[in-house]
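**Q** Coordinates for the following, if possible.
(chains A and B)
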Amino acid sequence: MTTPDTNSLPSNYDFAATEAEWYPRWSERGVFTASAARAAHREPFVIVLPPPNVTAVLHMGHGLNSTVQDVLIRWRRMAGDEALWVPGTDHAGIATQNVVEKQLAAEGHTRFDLGREPFVERVEQFVAQTGGEILHQLKSLGSSADWTRTAYTFSPGLSVAVREAFVRLWERGLVYKGHRVIHWCPRCGTSLSDEEAEFTETAGKLYHIRYLLADDASQSITVATTRPETMLGDVAVAVNADDARYTPFVGRELLLPITAVRIPVIADSYTDPTFGSGAVKITPAHDANDFDVGKRHALTMPVIIDADGIVREVELAAGRVPPSLAGLDRFVARDRIVELLTAEGALVKVEPHQHNVRHCYRCDTVVEPRLSDQWFVHMQPLAEKALAVLRSGQLRILPERWEAVYVNWLEGIRDWNISRQIWWGHRIPVWYCDACDSTAERSTPIVSRDPVLFCPTCGGAVRQDEDVLDTWFSSWLWPFSTLGWPDRNSADLKAFYPGDVLVTAPEILFFWVSRMVMAGCWFLDATPFHTVYLHGTVRDMQHRKMSKSLGNGIDPLDVVRLYGADALRWTMVAGLGLGVDVMLDPDDLEKSFAPGRNFCTKLWNIGRFLLSRVGTEHVDPIGVLAPEALTAADAWILDRLDQAIADCDAALGPPRPSFRGAWTEVEKGRGLRLSEYAEAARRFVWNELADWYLESVKPRLATEGADREVARAVLAHAFDGALRLLHPMVPFITEALWQQLPQTPHPALLATAAWPKERITRVLSGDAFEYTRETVQAIRKVRAEYNVQPGTWVDAVLVASGTIATVLEAQIETIGVIARGRVTVVQVAPAGLASRIVLANGVELVVPLAGMIDVAKERQRLDGEIAQLDKQLTALDGRLANEKFTAKAPPELVDAERAKAEEWRSRLAQLTAKLKALGE
RNA sequence: GGGUCGUUAGCUCAGUUGGUUAGAGCGCCACGUUGACAUCGUGGAGGUCACAAGUUCGAGUCUUGUACGACCCA
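**A** Residues are numbered from 1 along each chain as shown, chains lettered A, B, ... in the order given. I've put the predicted structure just below:
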């Protein structure tokens, strides 16, 4: 009967052993390695991994991010694309430098003790030893990235790309050196871009300070500021020219408190008369807006806070910082100045003030606006291209609402400060010749792709710019620098650029995503991907972002150890609505990850059943089965498989724009519904294949003969389809099970097996099986109501005639096996006490249950059903009686509603008759 | 201050152009170890779709407003 269980699976799924077995096998067989040559005759499908920082440790955000990418890559790989997932790391300038500086601090040193060269060597050592560990951790999640192409933003190759990009932008006049107020982190000792200086809502104070008129101490102007220490650098007070309160003051002079420095009152439209006192102190060296005012009025720009955040006379500030304040930290100086102002009677009032203060995104220090020389990229021409590809549909962003954010940012784009005053990073490819610069009028920097050793003009010594580039200046080239750019002949670049999908979190839409689009459009004239998929953030149950400092994180490696990689992936994908945050409870891993583990267990048990009952001998391919040999259940499950394939395809795809590389309006919002994909696949394998088909097929498998072969074939085929559909999501367990299938010749690995396709023609409808399902459910309901023990078989009589009777007749054995009943089909309902249920198709189910029937219970059930149906029918009749409805609603709908009303009416009559019979 | 999004079952969320009796997972209740599966099975309870008005024959779905919450930007 059953096949000897020579190949039977262990009763418990050993995920650890399976993961350890299959990842290396895939890897050794080169499954993950894409080929530029093959891409010539297959569609390439390319994703670049958002490179984690070299110093990063894997957290749930990476788990979510890489799972999404791996699902897409594995899906497309099976679908026949040349799938390439490029992994790598980011050297992360400031972040990495901070880590090493902390190490040095623990040893009692600063980077300045070491000096630049040794410090950089030290960081390199550190990166070589512990860097990139995160990539190995990604492997334990099953990530099928092409490790042969692992990249690093600071590798020699990518450094070439960085210099090339800088020089090209310089040649087009888009890179320039500017003297202006930028965001400065006094702790990191470097400038930051606008995006790197993050706003934090802060409870601060608003200080109102009185400035007396220089020639008439009886008159004054009061200004308000959140940073009173900056008054030392004030060079003017600005009022609006139309503000009658102040027009008499314009042109006169005020005395700064404490220092008695004389400053003018000026008129400038920047001042809003309705805000505060309508008069604004102007500190051009320490506020970006004030800087603009200062430039307009050609004011001096005294610098009174140095690079370390210490108050002192740095530049053009002679006589502005009293000795008692010099050398103080800016916040200490603030308190001291408030004391001095109070003593002088210049402090009018202090109010609590809620405002946003910029903080360094790497160390959270309050950012100091500071006047300095920096390198900038003029972004506007690049932004135009990035806007154009979105508008033309060559690029889409999902969820679509982010497109507005993207557009808004690009339309108001500001120049990008790309120079950093740190040591870890790409040195700016600019050299200076001090001799020429000092003698000639020429002060043009020497910008070069290659190192400059001598001054091209005088042949003398040159020195390289001390600054390094913003780490994002290398990241923004990632989609093509990793493929060999600027080498136009690179096979990878030709084969795999532009790529397809970028998967990341919305936080770095500006930092990275939009800049990659700009770089791709600018340097290669094509958007680097056609789809940006912005997934949500992993949060805890209080909706707080998971973070090290809050201690609310979950280590994905713990989850892999306890539940398996597939369980983790399942949880990530199944809960992943488009762009929706993922809530996980760090204190209850069981709650979050048990569903994934349970799903794997279920799958495993289906596999065990299959192997023990279907055996390992050859099964027929589904195509050779004669249509008439198929049972209703066979036809049904094959239908369901087709539907599952269609649902999965619709949830995931289309993989790329189907027409000329641009999304149509219809297509644009489609696809990447990972949770829908998961649900469609789960429903098929669990609710359809396991719950119904498997149960129905048991007796057929137990009896030798032609029908057993049909059942074996259909079962094997359906399970094969299920495994293929599930593989991108839960690759390990599906591969392990698939290897055991007694299937017709197949490729050696599920990872490279073909993604399933719907049958072209449906030979037989599976609808008849719905009768079985409904009947079984009705019998089960009766059994549950009367508490019939599972081992007890009940009599079940189906009252039907005509074709329905014939259809039911063919399925009585199946119904009986699943519902544990002796089923018969008759024309006339048997008399006597019984539980009677009217099925949707009008068939009456009679379960006699001799001696057990409770009349009250039966009446109660019928009463309930009648009441419910009556209510619905009344509502429906009301709708049909409404002439406006019948006149205006689509005729098909009206017809359908009429038919439904008839059906309900007849059912109601049947139920009422049953109730009456009970009462007599 | 400007903008975007959300509010559907106890919890986390689906619900695609308005049209059956609004769904899933988890949780809950009852019964159960039947030769794949108790990490499971079977049956069940549970929702005035935040609130108010409007458009419509018809609104969870469209419009406006209100409340609460979240995020982004300045």
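
**Q** and the lengthiest strand in chain A, which strands flank it?
**A** Determined from DSSP state E, the single longest strand within chain A is strand A:197-213. Applying DSSP bridges, strand A:197-213 is found paired with strand A:216-225 (antiparallel), strand A:253-255 (antiparallel), strand A:347-360 (antiparallel).

**Q** so which of these gets nearest RNA strand B?
**A** strand A:347-360 (3.7 Å; C-beta to the nearest atom of the strand). For the C-beta atoms, the positions are set from N, CA and C on the backbone; glycine is no exception.

**Q** wait, what's in contact with A:Gly93?
**A** A:420, A:422, A:424-425, A:468-471 (C-beta atoms under 8 Å, 6 or more residues apart in numbering).

**Q** Can you classify the nearest residue to A:Ala574 once chain neighbours are set aside by secondary structure?
**A** Of all residues not flanking A:Ala574 in the chain, A:Ala678 sits nearest, at 4.2 Å (C-beta to C-beta, 6 or more residues apart in numbering). At A:Ala678 the chain is in helix, as set by DSSP: H, G, I helix; E, B strand; the rest coil.

**Q** Phi and psi next, for the closest residue in space to A:Pro498 that isn't next to it in sequence.
**A** Nearest residue to A:Pro498, sequence neighbours excluded (C-beta to C-beta, 6+ apart): A:Ala526, at 4.6 Å. Note on A:Ala526: its backbone torsions stand at phi -160, psi 140 [degrees, to the nearest 10].

**Q** near RNA strand B, which residues of the stretch 801-920 of chain A show up?
**A** Proximity of the stretch 801-920 of chain A to RNA strand B is confined to A:820, A:872, A:875-876, A:879, A:882, A:884-885, A:888-890, A:893, A:900 under the rule C-beta under 7 Å from any atom of the strand.

**Q** and the longest helix seen in chain A, which residues are buried?
**A** If you go by DSSP state H, chain A has its longest helix at helix A:891-919. Across helix A:891-919, burial judged by 16 or more other C-beta atoms under 10 Å covers A:894, A:897, A:901, A:904, A:907-908, A:910-911, A:914-915, A:918.

**Q** Hey, what's the angle from the strand or helix carrying A:Leu873 to helix A:891-919? Just curious.
**A** Element membership for A:Leu873, per DSSP states H and E: helix A:855-881. Angular relation of helix A:855-881 and helix A:891-919 on a 0 to 180 degree scale: 150 degrees, by axes from the mean of the first three to the mean of the last three C-alpha atoms, to 10 degrees.

**Q** In terms of secondary structure, what does helix A:855-881 contact?
**A** The helices and strands touching helix A:855-881, judged by 3 or more C-beta pairs under 8 Å, 6 or more residues apart in numbering; DSSP states H and E, are helix A:891-919.

**Q** quick one: the helix it packs on to chain centroid distance?
**A** 49 Å (C-alpha atoms, centre = their mean, to the nearest Å).

**Q** Confidence-wise, which helix or strand of chain A is lowest on average?
**A** helix A:434-439 (a mean of 76; mean pLDDT, DSSP states H and E).

**Q** Determine the next helix or strand in the C-terminal direction from that one.
**A** Immediately after helix A:434-439, counting by DSSP H and E, sits strand A:446-447.

**Q** Distance from that following strand to the middle of the chain?
**A** 41 Å.

**Q** Mind giving me the packing neighbours of it?
**A** Short answer (3+ C-beta pairs under 8 Å, 6+ apart): strand A:446-447 packs on helix A:156-171, strand A:430-432.

**Q** Indicate which one of those is closest to RNA strand B.
**A** That would be helix A:156-171 among the helices and strands packed on strand A:446-447, by C-beta to the nearest atom of the strand, at 21.5 Å.

**Q** circling back to that earlier point, just name the most buried of the strands paired with strand A:197-213.
**A** strand A:253-255 (a mean of 20; mean count of other C-beta atoms under 10 Å).

**Q** average model confidence for that one?
**A** Average pLDDT, strand A:253-255: 85.

**Q** next one: stretch A:567-584
**A** Taken as a whole, stretch A:567-584 has a mean pLDDT of 80.

**Q** how about that stretch: buried residues?
**A** Within stretch A:567-584, the residues that count as buried by 16+ other C-beta under 10 Å are A:567-576, A:578-579, A:581-582, A:584.

**Q** what residues are up against A:Arg149?
**A** So A:Arg149 contacts A:34, A:84, A:86-87, A:482, A:492 (C-beta under 8 Å, 6+ apart).

**Q** quick one: pLDDT of it?
**A** For A:Arg149, pLDDT reads 96.

**Q** Kindly report the same for the one 3 residues further on.
**A** Listed pLDDT for A:Tyr152 reads 94.

**Q** And for the one 5 residues further on?
**A** According to the prediction, A:Gly157 has pLDDT 93.

**Q** and it, how many residues sit next to it?
**A** Neighbour count for A:Gly157, taken as other C-beta atoms under 10 Å: 15.

**Q** So A:Lys757: helix, strand or coil?
**A** coil.

**Q** ok, now how distant is A:Ala867 from RNA strand B?
**A** Distance of A:Ala867 to RNA strand B, computed by C-beta to the nearest atom of the strand, to the nearest Å: 12 Å.

**Q** hmm, back to that, can you name the two of the contacts of A:Gly93 that sit furthest apart?
**A** Across the contacts of A:Gly93, the longest distance by C-beta to C-beta is 11.9 Å; it joins A:Trp424 and A:Asp470.

**Q** circling back to that earlier point, nearest to A:Trp184, of the contacts of A:Arg149?
**A** A:Thr482 (32.1 Å).

**Q** what's the neighbour count on that closest one?
**A** A:Thr482: 29 neighbours (other C-beta under 10 Å).

**Q** which residues touch it?
**A** Here A:Thr482 is in contact with A:48, A:86, A:88, A:149, A:151, A:158 (C-beta under 8 Å, 6+ apart).

**Q** Nearest residue to the third one in space, please, no chain neighbours.
**A** Counting by C-beta to C-beta, 6+ apart, A:Gly88 lies nearest to A:Ala151, which is 3.4 Å off, once chain neighbours are set aside.

**Q** is it true that the one you found touches A:Ser159?
**A** No: counting by C-beta atoms under 8 Å, A:Ala151 stays clear of A:Ser159, with 11.7 Å between them.

**Q** Check which residues of whichever strand or helix holds A:Gly294 are buried.
**A** Per DSSP H and E: A:Gly294 is located in helix A:288-296. By neighbour count on 16+ other C-beta under 10 Å, the buried set for helix A:288-296 is A:290-294.

**Q** Please apply the same query to stretch A:388-398.
**A** Here stretch A:388-398 shows A:389-390, A:393-398 as buried, counting by 16+ other C-beta under 10 Å.

**Q** Please flag which of those sit within strands.
**A** A:396-398.

**Q** Now do the same contact list for A:Ala495.
**A** Contact analysis of A:Ala495 by C-beta under 8 Å, 6+ apart lists A:36-37, A:39-40, A:44, A:82.

**Q** Right, I'll call it a day here.
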